[in-house]
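Participant: output the structure for:
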Amino acid sequence: MSLVAGFSTAPTWMRAQAWRRDDSRVEELLSGEPIVEAVVMAEDAGFDVAFRPDALTLPLGSIRSDPAHLGLDPIVQAAQLAGATRRIGLVVTVSATFAEPYPVARQLVSLEHLAPGRIGWNVVTSRSGDEQFSVARLPDSASRWRRAEEFIDVVESLRAGFPADALRADRDAGVLFDRDRVTATDHRGENFQVAGPLPLPAVSPGRLPLMVAGAGEATISLAGRRADAMFAAAVESSSSLAQRAAIRERAASAAREERPRLLPGISLLLADTREQAAAIEEATYPRDRERRTVGPHWSVVGTPDDAVAAIVERAEARAIDGFIAFPVGSWRSVELLCTRVMPRLRELGLVAEHPVPGFRPEREDTL
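Facilitator: Prediction:
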């Protein structure tokens, strides 16, 4: 079993009180440079994907002491990362609740040209943000996910409407593009009216690798029927098992030959010793009732060996198809994840010896 290894490009190592550490590099946050350095390290370590989660709004109540919601726009940041990396996949988050498909399709295809074969997208719905957008947020989860499905359809229709093979660049004939290969989308649906085409061709045929994120029946249904992967919060192994089974059941019901991958987030507060990790946890994270909360995900506080053991346990239970790693607590977590955890997972055969970008699902006969 080869797991998809994802690396979060959010600056999670400086969240909560960790930004106060001398090694946090918080002053450089909005330059993007610490993220570039971290993703280059992750690429060298063999991660398949650099994944950028996103929050649309800034809660003013927390900004005084926590940089959790600060950061560059995911698509702008992906353009920066495209120039700094050569192999790792770059996955950006898009809110289908508020975004319009035409500009998003144009941005995604632009990224494809900057990093051919390495771009994917994570489609989410939003529970807040009404004050920031002219588009009204639909009132219930089911209608927001219907909008998301239509959004995906229109984006892919726009990409397909200007295929890569329309480019001829025939200097002798004076023909740059084959006009007959470029078609309008002319979409008129419940939520969108989009004519198309885009002002640039797609890079390759076929749809972009698609991830969906969230919880609930609507997310699981879309993941099973259409997505390549689902990003999930699964604190307990039982939750991973249940969500993985559910999306595979939906895929089977839709007669898909491939099964989408479940990629839960894992928050990793790593240090060279367990005592050091515990001290960082105590200094960094407030108590939530009887325990400290290092993140909304499956969490490990300890050494690289502890992280490897936790991943091995879930892999052996067939509870995951991969993971999205969120190094937290200090920059040392980033270093240990890349230099100690990933090599050990490779030795155990749990991550690919020669990784490829992305998270395409496995065929049924390989499971």
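Participant: just give the number of residues close to Leu222.
Facilitator: 24 (other Cβ atoms under 10 Å). (Each C-beta comes from the backbone N, C-alpha and C, glycine too.)
Participant: ugh, wrong one, Gly189
Facilitator: Other residues close to Gly189 by other Cβ under 10 Å number 14.
Participant: tell me the spacing between the residue nearest to it when sequence neighbours are not counted and Leu176.
Facilitator: Closest residue to Gly189 apart from its sequence neighbours, by Cβ to Cβ, 6 or more residues apart in numbering: Glu150 at 5.1 Å. Glu150 sits 32 Å away from Leu176, going by Cβ to Cβ, to the nearest Å.
Participant: geometric centre of the chain: which residue is closest?
Facilitator: Centroid-nearest residue in the chain: Phe51, 3.5 Å away (criterion: Cα atoms, centre = their mean).
Participant: I figured it hits Gly6, correct?
Facilitator: Yes. Phe51 is within contact range of Gly6, at 4.8 Å (criterion: Cβ atoms under 8 Å).
Participant: any residues in contact with both of the two?
Facilitator: Val91, Ile324 (Cβ atoms under 8 Å, 6 or more residues apart in numbering).
Participant: what's the helix or strand containing Phe231 packed up against?
Facilitator: Assigned by DSSP states H and E, Phe231 belongs to strand 229-232. When contacts are defined as 3 or more Cβ pairs under 8 Å, 6 or more residues apart in numbering; DSSP states H and E, strand 229-232 sits against strand 210-213, helix 217-226, helix 237-253, strand 261-270.
Participant: neighbours around Gln107, how many?
Facilitator: 22.
Participant: for the chain, give me the ranges with low pLDDT.
Facilitator: 288-293, 362-367 (pLDDT under 70).
Participant: so where's the longest helix in it?
Facilitator: Taking DSSP state H as the criterion, the chain has its longest helix at helix 141-161.
Participant: show me the contacts for Val351.
Facilitator: Ser2, Leu3, Ala5, Gly46, Asp48, Met342, Leu345.
Participant: report the secondary structure state of it.
Facilitator: Of the three states, Val351 takes coil under DSSP: H, G, I helix; E, B strand; the rest coil.
Participant: how far is stretch 110-123 from where the chain is centred?
Facilitator: Computed by Cα atoms, centre = their mean, to the nearest Å, the chain-centroid distance of stretch 110-123 equals 12 Å.
Participant: then stretch 111-129?
Facilitator: Distance, centroid of stretch 111-129 to centroid of chain: 8 Å (Cα atoms, centre = their mean).
Participant: what of stretch 36-43?
Facilitator: Put simply, stretch 36-43 sits 15 Å off its chain's centre (Cα atoms, centre = their mean).
Participant: make residue 1 into 118 and carry on from there
Facilitator: With the count now opening at 118, the last piece we talked about shows up as stretch 153-160.
Participant: one step back: please identify the buried residues of the longest helix of the chain?
Facilitator: The neighbour-count check on helix 258-278 (16 or more other Cβ atoms under 10 Å) flags 258, 260-278 as buried.
Participant: adjacent strands (with direction) for the following helix or strand past that helix?
Facilitator: The element immediately downstream of helix 258-278 (helix or strand, assigned by DSSP H and E) is strand 284-287. Using DSSP bridges, the strands paired with strand 284-287 are strand 292-294 (antiparallel).
Participant: outside of the partner strand, which residues touch it?
Facilitator: Contacts with strand 292-294, where a contact means Cβ under 8 Å, 6+ apart, come from Ala283, Leu284, Arg285, Ala286, Asp287, Pro318.
Participant: mind checking the SS state of Gln197?
Facilitator: helix.
Participant: tally of neighbours for it?
Facilitator: 17.
Participant: now it: how far from Val157?
Facilitator: 11 Å.
Participant: what ranges do the helices span in the stretch 368-484 of the chain?
Facilitator: Using DSSP state H, counting those that start in this stretch, the helices of the stretch 368-484 of the chain run over 391-401, 421-433, 448-453, 459-464.
Participant: give me whichever of these is most buried.
Facilitator: Comparing those by mean neighbour count (mean count of other Cβ atoms under 10 Å), helix 448-453 comes out on top with a mean of 22.
Participant: that one: how far from the chain's middle?
Facilitator: 20 Å.
Participant: likewise stretch 169-183?
Facilitator: With Cα atoms, centre = their mean, you get 18 Å for stretch 169-183.
Participant: stretch 358-376 now?
Facilitator: On Cα atoms, centre = their mean, the centre of stretch 358-376 falls 20 Å from that of its chain.
Participant: can you tell me what sits against that stretch?
Facilitator: So stretch 358-376 is in contact with 337-338, 340-342, 344-345, 347, 349, 351, 377, 379, 381, 434-438, 477-481, 484, going by Cβ under 8 Å, 6+ apart.
Participant: next, the buried residues of that stretch.
Facilitator: Leu358, Gln360, Arg361, Ala363, Ile364, Arg365, Arg367, Ala368, Arg373, Arg376.
Participant: for Leu379, see how far away the fifth one is.
Facilitator: In this case it means Ile364. Taking Cβ to Cβ, one finds Ile364 at 6 Å from Leu379.
Participant: give the intersection of the neighbour lists for the two.
Facilitator: Met347.
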